[in-house]
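> Give me coordinates for this.
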Amino acid sequence: MSNYYKFISVDQTSRIKMLNYEGHDKLGECYQIYLELSTITPTHIGSGDLQIDESGLPLSLNARDSKGNLIIPGSSFKGVIAHYHLAIFRQQKLTSSLFGFPGYMSRVLVDDIRPKSYIEPKKIFVDASWTPRKSEPGKIKIYVSKIRYIKSKYALVLECIPEGTDMNAEVTILNANEDELAQILLALGVAPNTTETFLIGFGKPKGLGKMKVKNFSIRRIYNDLKIKKVNRDTIYSKLEGLFKKYEDNFNEVYR
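Numbers count the residues shown, from 1 in each chain. Here you go, the predicted model:
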């Protein structure tokens, strides 16, 4: 294992086509998870646009919405959830069933993550990226959360969402059950009596992109479109059972 990432063995690294899956032709019970998140370290999700910083170095701009506000795109966040989901449960059929495969749309829908209030970006100077060992057969890579930001010779400037920024996110799971709901929470580092740190975006080997769930609430949408808030005790009961079964995997990924 590297000092900034580890490899996790899974049954299959690529999405697989399921023979039996929940179709999108009709709507069954759905869940909406409202998340309160916080950035632990500066976080950068590149927009693909570059400028020249006043320092003379390339400046990678963070993703923004149509009004120019800093965001984390929902597609980026969904990719992170799916990656941690596979790392913990290690069964591609479970991940593919929720997050889709070629020809089948994901049942997990994620809105863009937005700060609770307006924030100014923070510039972070980083050195040149290096290429870690890209893969090992039958394994996926997880960056560890204990990495610290270390100053070095600069080669690039990142426009970041500052550390300590509180953000809101909404995750919708279509045609789902309580077990799948618990799977999503566990993938996000939410476990009985603990909440762990996950990593997102560019600069993970440099200690950037650390985030954590601070709080959450859940609503169930029934097939007659009635909406009801889900009792947290019910979810924690499911979560405890799931955590007990996958505790070793969870600890390997998050600790």
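
> Going by neighbour count, list what's buried in the longest strand anywhere in the chain.
Longest strand of the chain, by residue count under DSSP state E: strand 210-221. By neighbour count with 16 or more other Cβ atoms under 10 Å, strand 210-221 contains the buried residues 210-213, 216, 218, 220-221. For the C-beta atoms, the positions are set from N, CA and C on the backbone; glycine is no exception.

> any weak-confidence spans in the stretch 51-200 of the chain?
Scanning the stretch 51-200 of the chain for pLDDT under 70 picks out 129-134, 148-153.

> so where do the helices sit in the chain?
Along the chain, the stretches classed as helices by DSSP state H are 74-89, 92-99, 178-187, 232-254.

> The longest one: how far from the chain's middle?
Read that as helix 232-254. When distances are taken as Cα atoms, centre = their mean, to the nearest Å, helix 232-254 is centred 17 Å away from the chain's centroid.

> in that helix, what counts as buried?
235-236, 238-239, 242-243, 246, 249-250, 253-254.

> Equivalent analysis for the third one, please.
Residues 178, 180-187 are the ones in helix 178-187 that count as buried (16+ other Cβ under 10 Å).

> Settle this for me: Tyr246 is touching Gln183, isn't it.
No: with contacts counted by Cβ atoms under 8 Å, Tyr246 stays clear of Gln183, the gap being 9.2 Å.

> which residues are in contact with both of those two?
Phe89 (Cβ atoms under 8 Å, 6 or more residues apart in numbering).

> want to throw the helices of the chain into JSON lines with distance to Gln12?
Below are these laid out as JSON lines (distance: least, Cβ to Cβ, whole Å):
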{"stretch": "helix 74-89", "distance to Gln12": "9"}
{"stretch": "helix 92-99", "distance to Gln12": "4"}
{"stretch": "helix 178-187", "distance to Gln12": "17"}
{"stretch": "helix 232-254", "distance to Gln12": "16"}
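
> Which one, of those, ends up nearest to Val10?
Val10 lies closest, by Cβ to Cβ, to one member of the helices of the chain: helix 74-89, at 5.6 Å.

> then that closest one to PDB, C-alphas only?
Written as PDB, here are the backbone C-alpha positions of helix 74-89 (Å, rounded to 0.1, in the frame of the first residue of the first chain):
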ATOM      1  CA  GLY A  74     -23.800  16.100  -8.700                       C
ATOM      2  CA  SER A  75     -22.200  13.800 -11.200                       C
ATOM      3  CA  SER A  76     -18.800  14.100  -9.400                       C
ATOM      4  CA  PHE A  77     -20.400  13.300  -6.000                       C
ATOM      5  CA  LYS A  78     -22.400  10.400  -7.400                       C
ATOM      6  CA  GLY A  79     -19.200   8.900  -8.800                       C
ATOM      7  CA  VAL A  80     -17.600   9.100  -5.400                       C
ATOM      8  CA  ILE A  81     -20.600   7.400  -3.700                       C
ATOM      9  CA  ALA A  82     -20.500   4.600  -6.300                       C
ATOM     10  CA  HIS A  83     -16.800   4.100  -5.800                       C
ATOM     11  CA  TYR A  84     -17.000   3.900  -2.000                       C
ATOM     12  CA  HIS A  85     -20.100   1.600  -2.400                       C
ATOM     13  CA  LEU A  86     -18.100  -0.900  -4.400                       C
ATOM     14  CA  ALA A  87     -15.100  -0.600  -2.100                       C
ATOM     15  CA  ILE A  88     -17.300  -1.500   0.900                       C
ATOM     16  CA  PHE A  89     -19.700  -4.100  -0.500                       C
END
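
> Show me what that helix is packed against.
Packed against helix 74-89 by the contact rule (3 or more Cβ pairs under 8 Å, 6 or more residues apart in numbering; DSSP states H and E) you find helix 92-99, strand 108-110, strand 139-143, strand 166-173, helix 178-187, strand 197-199, helix 232-254.

> May I see those organised as TSV, with distance to Tyr34 added?
What follows is the helices and strands packed on helix 74-89, written out as TSV (distance: least, Cβ to Cβ, whole Å):
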stretch	distance to Tyr34
helix 92-99	19
strand 108-110	12
strand 139-143	26
strand 166-173	6
helix 178-187	12
strand 197-199	17
helix 232-254	12
